[in-house]
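Chemist: A predicted structure for the sequence below; I have some questions about it.
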Amino acid sequence: MGQIQLNQVTKTFGNVNVIPPLDLTIHDGEFTVFVGPSGCGKSTLLRMIAGLEDLTTGSISIDGVDATDTPPAKRGLAMVFQSYALYPHMSVRKNIAFPMRMAKMPEDEQNRRIEAAAKALNLTDYLDRRPGQLSGGQRQRVAIGRAIVREPSAFLFDEPLSNLDAALRVGMRLEITEMHERLKTTMIYVTHDQVEAMTMADKIVVLRAGIIEQVGSPLELYHSPQNEFVASFIGSPKMNLIKGEEAAKHGAATIGIRPEHTGVSMTEGMWKGRVGVSEHLGSDTFIHVHDTGLADMITVRINGDVQVKHGDTIYLNPELDKLHKFGADGKRID
Amino acid sequence: MARGITNQRKAINTAAAWAVGLLIFFPILWTILTSFKTEAQAIADPPIFLGFNWTLENYATVLERSNYARFLWNSIFIAGGSTILGLIIAIPAAWSMAFVPSKRTKDILLWMLSTKMLPAVGVLYPIYLIFIKMGLLDSKIGLVVVLMLINLPIIIWMLYTYFKEIPGEILEAARMDGASLKEEILFVLTPMAIPGIASTLLLNFILAWNEAFWTLNLTAVNAAPLTAFIASYSSPEGLFFAKLSAASTMAIAPILILGWFSQKQLVRGLTFGAVK
């Protein structure tokens, strides 16, 4: 079990209101990602669920039981920290055993679980080393091992991959997703990286300044962002937002078109502009188009084989059925 | 501009460092030398540096007249007891100040330190009266408590600085892993802070060992430590310089040896966690 419910939760630090009243339900077995720019309160929210941060007002219940004043040790949740937070004076084995030792689990059961976790996480050869003798990726695995052995009702991840290099990050992303498929335990994952959010989540919670901007599956957020903020936050490269006359033609204050939903032509099209920087990724090329009279810059994503030169005149053909429309208040118009 | 340190400069620095070191060490050296002289040579004018008849007579006399072992044991008990008691109180106190600071934590730390600014003699009278009322005069337990209180601000300050260096996330991880507050301090914080705790322990042991004001004023016979042992050989007429020196040498020898073997921890302790 692992259903977590936040009811009218708020948090203020001094005079600063970090989280205005917020309601959220995380269902059992769900992989939920909190995503948002830095300072949006996502980590604070996670720490409040963990019990490491007190609530100013409101309540939290875990599996239907009020846990607002339950200390972190008694909530039955496991957490993986950004800094890994391993115990530097203990071997890997002792690190992994620590939560079981605290729970006074019989020693043979502890050993059985350590062996199983070490095998699943490729740590068998490192059990007697200290964290200081491990690489970043291995340390992260130990932190995960320490979290899984106690079979918590939910896992909390606080930006666990941001200290790893890019290649390792992709690998660990897959491992964590696979672990979720295998364990089917509730996971709450905090990140500022929308790619991590899109690739891992069952449900994404987009936060800005402590306010939930939208909750939905990755594809819901991609296809129908409820406001301009979500529209520009989800998706890479960012959605192009166009205001003014062009938007008015479509009966909106702002229209948005994703870079991948815009065709290009060298001869004719709906919008005309001048090629600026082109970023070649091999499979794709991102072209930044200027002087369209629509916005400072329009980004388009095209096949990697198309060759354009800096300064060329280019025509853009947005797929009109994939146009997003937003009102003056920034909210989606359907 | 990169500044190369020339050999000449190095030599000057080394010589200067030795000069300062010897200047600081000279009184101790003189005490040790005097302890091997006869009483007459000890007060000779001009003073004799090395060319005297080395004798162990003073040590023999001092050992014969006083129960050195008892003074030594009292010193160990008082210095050790006050340091350990201090640590037991200071570890949780420093934990709360370092990891769950309140708005007033900085003020409390400064206030604690300010108690060290009052001359000890300022509170001698009240403490003396309390000791009489409680029957603590000339008791080791009484001294342990007083010395612990005297050094507590320093113990807390030192531990606070060390604890500040420990990432809070590791303690939070322990909390998430189901550790109670006691287990968190015992199994995670203390082992991680061992180097800091060790230097705190050493420095405070030395401070308590050398403490002379309270140990002299609150003891007579039973609880008298080595400071009282030295004092018993000082006389206003200055006739027993050699014996006084022998007693002093015997009093500082244990702590000097301890300090020699724990130099590394001590340097760390004295720099108050500034050097990692």
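Modeler: Yep, that arrived.
Chemist: is the helix or strand where residue A:95 lies in proximity to chain B?
Modeler: For residue A:95, the element it lies in under DSSP states H and E is helix A:92-102. Yes - interface with chain B: helix A:92-102 contributes A:98-99, A:102 (CB under 8 Å from any CB of the partner chain). Every C-beta, even on glycine, is put in place using the N, C-alpha and C of the backbone.
Chemist: one more: stretch A:53-73?
Modeler: Yes - contact of stretch A:53-73 with chain B (CB under 8 Å from any CB) involves A:71-73.
Chemist: what number of residues lie near the residue nearest to residue A:234 when sequence neighbours are not counted?
Modeler: Leaving aside its chain neighbours, residue A:234 sits nearest to residue A:221 (4.8 Å; criterion: CB to CB, 6 or more residues apart in numbering or on different chains). The tally of other residues near residue A:221 (other CB atoms under 10 Å in any protein chain shown) stands at 27.
Chemist: show me what the helix or strand that contains residue A:221 is packed against.
Modeler: Per DSSP H and E: residue A:221 is located in helix A:218-223. Contact partners of helix A:218-223 among helices and strands, from 3 or more CB pairs under 8 Å, 6 or more residues apart in numbering or on different chains; DSSP states H and E: helix A:194-200, strand A:203-208.
Chemist: pLDDT score for the spatially most central residue of chain A?
Modeler: The residue lying closest to the centre of chain A (CA atoms, centre = their mean) is residue A:197, at 3.1 Å. On pLDDT, residue A:197 comes in at 94.
Chemist: OK, contacts around it?
Modeler: Taking CB atoms under 8 Å, 6 or more residues apart in numbering or on different chains, we find residue A:197 in contact with A:33, A:35, A:189, A:191, A:204, A:218, A:234.
Chemist: repeat the analysis, applying 6 Å as the threshold.
Modeler: Residues near residue A:197 by CB atoms under 6 Å, 6 or more residues apart in numbering or on different chains: A:33, A:35, A:191, A:204.
Chemist: same question for residue A:82.
Modeler: Neighbour list for residue A:82: A:158-159, A:162 [criterion: CB under 6 Å, 6+ apart].
Chemist: which residue is the nearest non-sequential neighbour of it?
Modeler: Nearest in space to residue A:82, with sequence neighbours left out and distances taken as CB to CB, 6+ apart, is residue A:159 at 4.4 Å.
Chemist: how many neighbours does the one you found have?
Modeler: The number of residues packed around residue A:159, counting by other CB under 10 Å, is 20.
Chemist: ok, residue A:330 next?
Modeler: Neighbours around residue A:330, by other CB under 10 Å: 16.
Chemist: measure it to residue B:157 for me?
Modeler: Distance, residue A:330 to residue B:157, by CB to CB, to the nearest Å: 53 Å.
Chemist: so the closest residue in space to residue A:192 that isn't next to it in sequence, which state does it fall into?
Modeler: Distance criterion CB to CB, 6+ apart; nearest residue to residue A:192, sequence neighbours excluded, is residue A:38 at 5.8 Å. The three-state label given to residue A:38 by DSSP: H, G, I helix; E, B strand; the rest coil is coil.
Chemist: phi, psi for residue A:38 please.
Modeler: The phi/psi pair for residue A:38 (degrees, to the nearest 10) reads phi -60, psi 140.
Chemist: burial of it, as a residue count?
Modeler: Neighbour count for residue A:38, taken as other CB under 10 Å: 8.
Chemist: pLDDT at it, what is it?
Modeler: Per-residue pLDDT puts residue A:38 at 89.
Chemist: repeat that for residue B:227.
Modeler: 89.
Chemist: what's the helix or strand for it?
Modeler: Applying DSSP H and E, one finds residue B:227 within helix B:226-231.
Chemist: how near is the closest residue to residue B:166 other than its chain neighbours to residue A:95?
Modeler: Spatial nearest neighbour of residue B:166, chain neighbours left out: residue B:192 (5.5 Å); criterion: CB to CB, 6+ apart. Distance of residue B:192 to residue A:95, computed by CB to CB: 13 Å.
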